[in-house]
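*Asks:* Prediction below, plus the sequence it came from.
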Amino acid sequence: MKSECIWQADIQQRVFRELVEAFARPGEVRDLTPWLDGATAQRAVLATLMDGETTLADPHARLAAADWPLLQARLGTAEDARYVVADGRRAPGFEPALGTLESPESGATLLIEVNAVGSGPLALELAGPGIEGQGVAGRRELRLDGLHPDWLLRRADWTAGFPLGVDLLLADATRIVALPRTTRAAPMENPPT
């Protein structure tokens, strides 16, 4: 039986490069279609990042049982795992690891699945390191569909004690976008259409 391409090292290297670009340029949508071959963007990211040393939580039961042995990740709780997979259409309902002052990098990365990245009714204005303006210097607009409003409220709380906090990676079927803890995100009152 031939394995899906997302489990192959050369594809994982390409996906990893896209992840690096996504975190270097917050709010910039990255399309993973050329490397998915029918898999979802979130599964490709997980296949790339997980190994036997990482902890992964799945509080919203997004992962198939067959994926766990392939991921090799250790099962964690949403409160202590290094990575948390979540359904963006649902309210968070958990408190992820925020790191410590001695080790802020131990804050969780949340892999949140939404309906659409780069389009949709929710318009966010982003600012912070790595953002090149679209119209306004140092600001970027990001459109999303299928993100419960509680995610933005909780994220604001989780990142308020910088350098502590969480990093978000939002994904739809084929695209990803990163919102590191250094990125400020606010809903736009009257977004352009």
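*Replies:* Happy to help now that I have it.
*Asks:* which SS state does the residue nearest to the spatial centre of the chain fall under?
*Replies:* By C-alpha atoms, centre = their mean, the chain has its centre lying nearest to Leu169, at 1.1 Å. Secondary structure assignment for Leu169 (DSSP: H, G, I helix; E, B strand; the rest coil): strand.
*Asks:* Just list whatever residues bridge to Arg184.
*Replies:* Ala127 (DSSP bridges).
*Asks:* and it, how many residues sit next to it?
*Replies:* 15 (other C-beta atoms under 10 Å). Any C-beta I mention is one placed from the backbone N, CA and C, and that applies to glycine too.
*Asks:* Quick check: it touching Leu126?
*Replies:* Yes - applying C-beta atoms under 8 Å, one finds Arg184 in contact with Leu126, separated by 6.8 Å.
*Asks:* Let me know the helix or strand that the closest residue to Leu144 other than its chain neighbours is in.
*Replies:* Distances taken as C-beta to C-beta, 6 or more residues apart in numbering place Leu122 nearest to Leu144, at 4.5 Å, with adjacent residues excluded. For Leu122, the element it lies in under DSSP states H and E is strand 116-127.
*Asks:* Next up, the contacts around the residue nearest to the centre of the chain.
*Replies:* 19, 22, 45, 109-112, 176-179 (C-beta atoms under 8 Å, 6 or more residues apart in numbering).
*Asks:* which residues sit in contact with Ala127?
*Replies:* Contacts of Ala127 (C-beta under 8 Å, 6+ apart): 138-140, 183-184.
*Asks:* are any of those residues buried, and which?
*Replies:* Using 16 or more other C-beta atoms under 10 Å as the burial test, the contacts of Ala127 include 139-140, 183 as buried.
*Asks:* Among these, which one sits closest to Asp157?
*Replies:* Thr183 (15.1 Å; C-beta to C-beta).
*Asks:* if I look at the closest one, how far off is Gly146?
*Replies:* Going from Thr183 to Gly146 by C-beta to C-beta, to the nearest Å gives 20 Å.
*Asks:* Around Gly38, how many other residues sit close by?
*Replies:* When neighbours are counted by other C-beta under 10 Å, Gly38 comes out with 8.
*Asks:* This completes my enquiry, with thanks.
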